[in-house]
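*Asks:* only the shape, not the letters, is given here:
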C-alpha cells in the first residue's frame with residue numbers, strides 16, 4: 001500500500017476547511033502510522049503557475065510543517081488536478097507492484113476527486129479513510145455537504161471507504 005498525501009500546502013491548509021481540526025489530526029496520525037509501519041508515503045504538491053502565489057518558490061507552495069515530508073520520502077509536483085497529470089508521478093507509479101492507494105489531503109472536490117477517478121481508471125484499489133479529505137464552502141454547497149457528497153455518493157462505486165480506525169489497522173498490517 002502507498003499513502004498518497006495531496007496538496008497539504010501552506011496556501012491551502014486553512015482553518016476555514018470543513019472539520020479542520022479532525023482533518024488535520026487524522027492526516028497527521030495516518031502519516032505517522034504509515035511511517036511507523038514502513039508504508040511508503042508520497043507527497044504531491046499543486047503548482048498553479050508563476051504569479052499565482054501557489055507555485056514553486058512561493059511560501060504558499062510549501063508543505064505545512066505538521067505533515068512535512070521526511071528525508072527520502074518522494075515529493076511530486078503537478079500542474080493539473082489529478083496527481084496522474086504529473087509525468088514523473090505517473091511513471092513512478094507504473095513501476096510499483098502494489099496497486100493499493102490510500103488517498104488523503106485537499107481538496108475533496110478538486111484534486112482528491114480527480115486523483116480518485118484517475119487511479120480507479122488505472123486499476124488501483126483506492127482507499128479513502130473517513131475524515132481525511134476536506135474542502136471549503138463554495139457558492140453552491142458548504143464544505144460539509146461537499147465532503148459528504150463526494151465521499152458518500154460520487155465515489156461510492158470507485159473507492160473502499162473505510163473508517164479512520166480501519167485505515168490505521170490497514171497501515172499496521
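*Replies:* In hand now; what should we look at? The structure displayed is predicted, hence computed values, not measured ones. Numbers count the residues shown, from 1 in each chain.

*Asks:* now stretch 36-52: average pLDDT?
*Replies:* Per-residue pLDDT over stretch 36-52 has a mean of 98.

*Asks:* so what touches the one helix or strand residue 26 maps to?
*Replies:* Following DSSP states H and E, one finds residue 26 within helix 20-36. With Cβ atoms under 8 Å, 6 or more residues apart in numbering as the test, helix 20-36 has contacts from 3, 5, 8, 13-14, 17, 39-41, 66-67, 70, 102, 104-105, 129, 131-134, 164, 167-168, 171-172. In short, each C-beta sits where N, CA and C put it, glycine included.

*Asks:* now which of the residues you listed would you call buried?
*Replies:* By neighbour count, with 16 or more other Cβ atoms under 10 Å, the contacts of helix 20-36 hold 3, 5, 8, 13, 17, 39, 41, 67, 102, 104-105, 129, 131-134, 164, 167-168, 171 as buried.

*Asks:* restricted to helices, list these.
*Replies:* The members of these that map onto helices under DSSP state H are 164, 167, 168, 171.

*Asks:* quick one: residues contacting the residue lying closest to the second one once chain neighbours are set aside.
*Replies:* Distances taken as Cβ to Cβ, 6 or more residues apart in numbering place residue 129 nearest to residue 167, at 3.5 Å, with adjacent residues excluded. By Cβ under 8 Å, 6+ apart, the residues touching residue 129 are 26, 30, 102, 104, 162, 163, 164, 166, 167.

*Asks:* can I get those residues in JSON lines with distance to residue 140 and pLDDT?
*Replies:* As requested, these are arranged in JSON lines below (distance: Cβ to Cβ, whole Å; pLDDT from 0 to 100):
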{"residue": "26", "distance to residue 140": "26", "pLDDT": "98"}
{"residue": "30", "distance to residue 140": "29", "pLDDT": "98"}
{"residue": "102", "distance to residue 140": "28", "pLDDT": "98"}
{"residue": "104", "distance to residue 140": "24", "pLDDT": "99"}
{"residue": "162", "distance to residue 140": "28", "pLDDT": "98"}
{"residue": "163", "distance to residue 140": "28", "pLDDT": "98"}
{"residue": "164", "distance to residue 140": "27", "pLDDT": "98"}
{"residue": "166", "distance to residue 140": "31", "pLDDT": "98"}
{"residue": "167", "distance to residue 140": "29", "pLDDT": "98"}
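
*Asks:* and of the residues you listed, the nearest to residue 125?
*Replies:* Nearest to residue 125 out of the contacts of residue 129 is residue 102 (Cβ to Cβ; 9.4 Å).

*Asks:* tell me the bridge partners for that closest one.
*Replies:* Judged by DSSP bridges, the bridge partners of residue 102 are residue 3, residue 127.
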